[in-house]
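S.K.: Sequence plus predicted model, see below.
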Amino acid sequence: MANSKVKVALVTGISKGIGKAIATQLVDDGYMVYGTYNTGEAEAKDLKSNLKKLEIFQVDLSQRSNTLQFVDELHGIEFDAIVNNAGIYQQEKFDDFDLSAWDRTFEVNLTAPLVLSLKLKDRIKDGGTILNIASTDGLTGSFNSMAYAASKAALISITKSLANLLGPRAIRVVGIAPGWISNTGMNTDASFEAGELTSLGRNGAPEEIAQLASFLISDKACFITGTTVIADGGYTCVDYIMKKEARSQQEA
Ligand SMILES: NC(=O)c1ccc[n+]([C@@H]2O[C@H](COP(=O)([O-])OP(=O)(O)OC[C@H]3O[C@@H](n4cnc5c(N)ncnc54)[C@H](OP(=O)(O)O)[C@@H]3O)[C@@H](O)[C@H]2O)c1
């Protein structure tokens, strides 16, 4: 278990949505949080004004040089937890596929978490945790967001590999695959319909993902590594046709 009394976490993408909820939860748990934002300066500053133990940094994780420069700025800090949360979701046109968007999506969603893990691994305390925020989209095929789904599938994969590589230092590497979460920058009109196809009958809240993050990086989860926990209210348990068949049977 991590050996310093003051727990320190890095959380990327704290300006809104799930990252904001995770930063808030971790400060509440007693962590000093180093959080990043990219374009959401006002939101990040607003959050900082509410959370005394939050330091904020502007970093564009789509630019490798920016990510590496950020690592340098963290010089001298040792971490109990690194939460790779920042992510982008860009819709694609199959007939006019934008490979630059593919590259950007992979840089932010996959390569930046890997770079931060590699460059900061010697500054994660033995017994610490890396938490990667993936997505249930990484478990299925997509229609107009292949880059997003593939980047999340690969994030789930490197979570397993990093767990193997860092296990000897008792560093756990875990993931969360959220289902449809409301109150985030990733919501679309369609995403609000997801509740209808979810066992619990609703979308999730960022705070519900933050509570799981809090557990997974805590010593209570000390035998959990390499795995990505699905937090989707049961969305991946529901087969639309089976649900429709059951409804027609009830109505007959
Ligand atoms: N919302 C969902 O339903 C859902 C479901 C499954 C998984 N997820 C995953 O959950 C994580 C958080 O997403 P969210 O839903 O909270 O989305 P969000 O509200 O759009 O927040 C995304 C965060 O990532 C940051 N970010 C985006 N591009 C960046 C870049 N180039 N460099 C640095 N930071 C960047 C944003 O910073 P700025 O705003 O400051 O630019 C923001 O803080 C993502 O990894 C996402 O894939 C979300």
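M.R.: Happy to help now that I have it.
S.K.: Please count neighbours and contacts with C-alpha atoms only from this point.
M.R.: Fine.
S.K.: Contact residues of the stretch 51-200 of the chain facing the ligand?
M.R.: Residues of the stretch 51-200 of the chain lying close to the ligand by C-alpha under 6 Å from any ligand atom are 59-62, 85-88, 108, 133-135, 178-181, 184-186.
S.K.: Would you show me how to pick out the buried ones of those in PyMOL?
M.R.: Buried residues among those (16 or more other C-alpha atoms under 10 Å), as a PyMOL selection:
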select buried, resi 59+60+61+62+85+86+87+88+108+133+134+135+178+179+180+181
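S.K.: Keep only those of the residues of the stretch 51-200 of the chain next to the ligand that are in strands.
M.R.: The members of those that map onto strands under DSSP state E are Ile133, Pro178.
S.K.: what about the nearest residue to Ala134 once chain neighbours are set aside, neighbour count?
M.R.: Leaving aside its chain neighbours, Ala134 sits nearest to Ala177 (4.7 Å; criterion: C-alpha to C-alpha, 6 or more residues apart in numbering). Residues near Ala177, counting by other C-alpha atoms under 10 Å, number 22.
S.K.: Could you shift the numbering so residue one becomes 18, and keep it that way?
M.R.: Done: numbering now begins at 18, and the last item shifts to Ala194.
S.K.: quick one: contacts for Ala194?
M.R.: Ile150, Ala151, Ser152, Thr153, Gly155, Thr245, Val246, Ile247, Ala248, Asp249 (C-alpha atoms under 8 Å, 6 or more residues apart in numbering).
S.K.: Rebuild these as a markdown table, extending it with pLDDT.
M.R.: A markdown table is the format used below for those (pLDDT from 0 to 100):
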| residue | pLDDT |
| --- | --- |
| Ile150 | 99 |
| Ala151 | 99 |
| Ser152 | 98 |
| Thr153 | 98 |
| Gly155 | 98 |
| Thr245 | 99 |
| Val246 | 98 |
| Ile247 | 98 |
| Ala248 | 98 |
| Asp249 | 98 |
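S.K.: Let's have those residues in a markdown table, adding distance to Arg186.
M.R.: Shown next, in a markdown table, are the contacts of Ala194 (distance: C-alpha to C-alpha, whole Å):
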| residue | distance to Arg186 |
| --- | --- |
| Ile150 | 22 |
| Ala151 | 24 |
| Ser152 | 27 |
| Thr153 | 29 |
| Gly155 | 28 |
| Thr245 | 20 |
| Val246 | 22 |
| Ile247 | 26 |
| Ala248 | 27 |
| Asp249 | 31 |
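S.K.: Name the member of the residues you listed with the most neighbours.
M.R.: Highest neighbour count within these, by other C-alpha under 10 Å: Ala151, with 32 neighbours.
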